[in-house]
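Visitor: Sequence plus predicted model, see below.
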Amino acid sequence: MEDIENEVSISTVEMHTGGQPLRIITSGYPSIQGKSILEKRKYVKENLDYLRKMLMFEPRGHFDMYGALIVDPDFEQADLGVLFLHNEGYSTMCGHAVIALGRYAIDSGLVATDTASSTVGEVPVFIQCPCGLVKALVEVCDGKSGRVRFISVPSFAFALDVEIETPQFGTIKVDIGYGGAFYALVAEDQLNIDLRSARVKDVVEAANVVTKAVKNKVKLHHPESDDLAFLYGTIVTDGKDGYSEDPDDCTYNVCVFADSQVDRCPTGSGVTARIAVQYAKKLIDLGQLRAFQGIAGSKFGGRVVKQVKCGEFDAVHVEVTGQAYYTGKCTFTMEKDDPLKHGFLVR
């Protein structure tokens with residue numbers, strides 16, 4: 001492995017969706033083995049994790065960096081496959097990355113468009129994520145990509161109003177939703193905080209308490225694969241879960257995932273999980289649009305577009321809409337004698 005590490009040169013395209021960074025790895029990774037996308041995820045975790053650390057950690061990245069590694073899909077319908085990278089490892093779904101990858105797929109030519117057309121339209125991009133196939137619909141006008149909406153994998157409420165004992169907050173109630181990844185959902189008043197005025201550090205500490213308590217009490221399972229059955233994090237919300245006819249009304253949330261990582265945007269898979277839970281609680285109806293705001297002030301739209309089944313669960317397909325932007329391009333290398341070449345984190 002040492003010889004490989006000394007020859008590393010990885011190229012990326014840098015983007016953000018609603019303030020949340022995405023480092024799209026376009027070239028330089030060694031060959032990735034595995035027939036299925038979950039096998040590929042397992043392979044990079046066991047064999048190439050030094051590259052995740054190199055790209056996500058300082059000095060090339062930071063504690064809250066996020067990455068997307070494009071791989072060959074094993075679904076015939078998919079235009080591309082993707083593995084998601086963060087400070088702790090490899091997630092199964094990432095909505096902000098899907099939104100950015102939709103634009104990138106069009107602009108890079110991974111998915112062909114009718115360049116002769118000057119009309120506004122949507123181009124479908126099928127992205128195979130570890131959780132399954134996600135359909136992104138990318139606005140294209142005069143050859144330029146714009147907003148993206150994606151249709152989630154089957155998503156569902158795993159458990160509602162679960163009572164959890166915590167040393168800091170006593171007994172609290174949480175919902176557990178799946179939107180390509182599992183999240184614990186908890187309202188701010190359960191944690192005695194005000195999201196809009198609280199320090200981020202305090203929100204993170206509170207969310208981590210919930211995540212630990214839920215992991216200790218609740219055993220998760222997914223009908224399709226045990227590799228999907230883990231709690232990704234906790235989303236602290238303002239508790240505004242019901243439908244509002246006011247188009248300017250939105251609900252605010254902060255997602256703390258992986259190793260205390262804070263999402264700057266509303267969190268695409270988190271919005272999906274929240275919508276699935278809201279629908280299960282009959283707080284919203286089919287097709288009703290809800291707006292979600294993240295810590296950077298950006299907003300996503302979300303709504304249920306179809307009822308389905310996922311094993312024993314009553315599930316839904318959720319549509320999430322957002323906007324991604326380009327921020328640059330990079331080439332990352334390692335020098336042989338650099339003692340910090342594999343990266344480090346300062347919390």
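Guide: Done, it's in.
Visitor: quick one, domains of this structure?
Guide: When the chain is parsed into structural domains using the TED database, the resulting residue ranges are 8-152+326-334, 153-321.
Visitor: JSON lines for those, including distance to Arg347, mean neighbour count and mean pLDDT?
Guide: Where you see a C-beta, it was placed from the backbone N, CA and C, and this is true even at glycine. Supplementary listing: the domains of the chain in JSON lines, determined by distance: least, Cβ to Cβ, whole Å; neighbours: other Cβ atoms under 10 Å; pLDDT from 0 to 100:
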{"stretch": "domain 8-152+326-334", "distance to Arg347": "6", "mean neighbour count": "19", "mean pLDDT": "95"}
{"stretch": "domain 153-321", "distance to Arg347": "8", "mean neighbour count": "19", "mean pLDDT": "97"}
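Visitor: can you list those in JSON lines and add distance to Phe344?
Guide: Formatted as JSON lines, the domains of the chain follow (distance: least, Cβ to Cβ, whole Å):
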{"stretch": "domain 8-152+326-334", "distance to Phe344": "6"}
{"stretch": "domain 153-321", "distance to Phe344": "14"}
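Visitor: got the residue ranges for the helices in the stretch 1-150 of the chain?
Guide: 2-6, 37-47, 49-56, 95-107 (DSSP state H, counting those that start in this stretch).
Visitor: and the second one, how far from the chain's centre?
Guide: A distance of 18 Å separates the centroid of the chain from that of helix 37-47, by Cα atoms, centre = their mean, to the nearest Å.
Visitor: residues in contact with it?
Guide: Under the contact criterion Cβ atoms under 8 Å, 6 or more residues apart in numbering, helix 37-47 has outside partners 32-34, 51-52, 69, 71, 73-74, 81, 83, 89-90, 128-130, 225, 227.
Visitor: same thing with the third one?
Guide: Counting by Cβ under 8 Å, 6+ apart, the neighbours of helix 49-56 from elsewhere in the structure are 1, 5, 8, 10, 12, 23, 25, 29, 44, 60-61, 65-67, 85-87, 89-90, 332, 334, 341-343.
Visitor: ok, back up a step: of all the helices of the stretch 1-150 of the chain, which lies closest to Leu185?
Guide: Across the helices of the stretch 1-150 of the chain, Leu185 has its closest neighbour in helix 95-107 (15.4 Å, Cβ to Cβ).
Visitor: Could you list the alpha-carbon positions for that closest one in CSV?
Guide: As requested, the backbone C-alpha atoms of helix 95-107 are provided in CSV (Å, rounded to 0.1, in the frame of the first residue of the first chain):
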residue,chain,number,x,y,z
GLY,A,95,-29.7,14.0,-0.6
HIS,A,96,-27.5,17.1,-0.8
ALA,A,97,-24.9,15.0,-2.8
VAL,A,98,-27.6,13.7,-5.1
ILE,A,99,-28.7,17.2,-5.9
ALA,A,100,-25.2,18.3,-6.7
LEU,A,101,-24.4,15.1,-8.6
GLY,A,102,-27.5,15.7,-10.8
ARG,A,103,-26.0,18.9,-12.0
TYR,A,104,-22.6,17.5,-12.3
ALA,A,105,-23.8,14.5,-14.4
ILE,A,106,-25.4,16.9,-16.9
ASP,A,107,-22.6,19.4,-17.1
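Visitor: List the residues that contact the spatially closest residue to Ala136 that is not a sequence neighbour.
Guide: Here the nearest residue to Ala136 in space, its sequence neighbours aside, is Gly102; by Cβ to Cβ, 6 or more residues apart in numbering that works out to 3.6 Å. For Gly102, the contacting residues are 125, 127, 136-138, 145, 148, 150, 324, taking Cβ under 8 Å, 6+ apart as the criterion.
Visitor: Let's see stretch 326-334 as CSV, backbone CA atoms only.
Guide: Extracted as CSV, the C-alpha positions of stretch 326-334 are listed here (Å, rounded to 0.1, in the frame of the first residue of the first chain):
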residue,chain,number,x,y,z
TYR,A,326,-19.9,24.9,-8.1
THR,A,327,-17.1,26.3,-6.0
GLY,A,328,-14.0,25.0,-7.8
LYS,A,329,-11.7,22.2,-8.9
CYS,A,330,-8.8,20.6,-7.0
THR,A,331,-6.0,18.1,-7.5
PHE,A,332,-4.7,16.5,-4.2
THR,A,333,-1.4,14.8,-3.8
MET,A,334,0.8,13.2,-1.1
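Visitor: Can you get me the start-to-end distance on stretch 126-144?
Guide: Distance across stretch 126-144, first residue to last, is 19 Å (Cα to Cα, to the nearest Å).
Visitor: Measure how far that stretch is from the centre of its chain, please.
Guide: With Cα atoms, centre = their mean, you get 14 Å for stretch 126-144.
Visitor: for stretch 158-175, same thing?
Guide: On the basis of Cα atoms, centre = their mean, the separation between the geometric centre of stretch 158-175 and that of its chain is 24 Å.
Visitor: which residue is nearest the middle of the protein?
Guide: By Cα atoms, centre = their mean, the chain has its centre lying nearest to Cys94, at 2.1 Å.
Visitor: Would you quantify the distance from Ala207 to Phe169?
Guide: Ala207 sits at a distance of 11 Å from Phe169 (criterion: Cβ to Cβ, to the nearest Å).
Visitor: now Thr272
Guide: Note on Thr272: its distance to Phe169, by Cβ to Cβ, is 26 Å.
Visitor: Repeat that for Ala296.
Guide: Distance, Ala296 to Phe169, using Cβ to Cβ: 26 Å.
Visitor: coming back round to it: Leu83 is in contact with the residue nearest to the centre of the chain, correct?
Guide: No: using Cβ atoms under 8 Å, Cys94 and Leu83 do not qualify as a contacting pair, with a distance of 10.0 Å.
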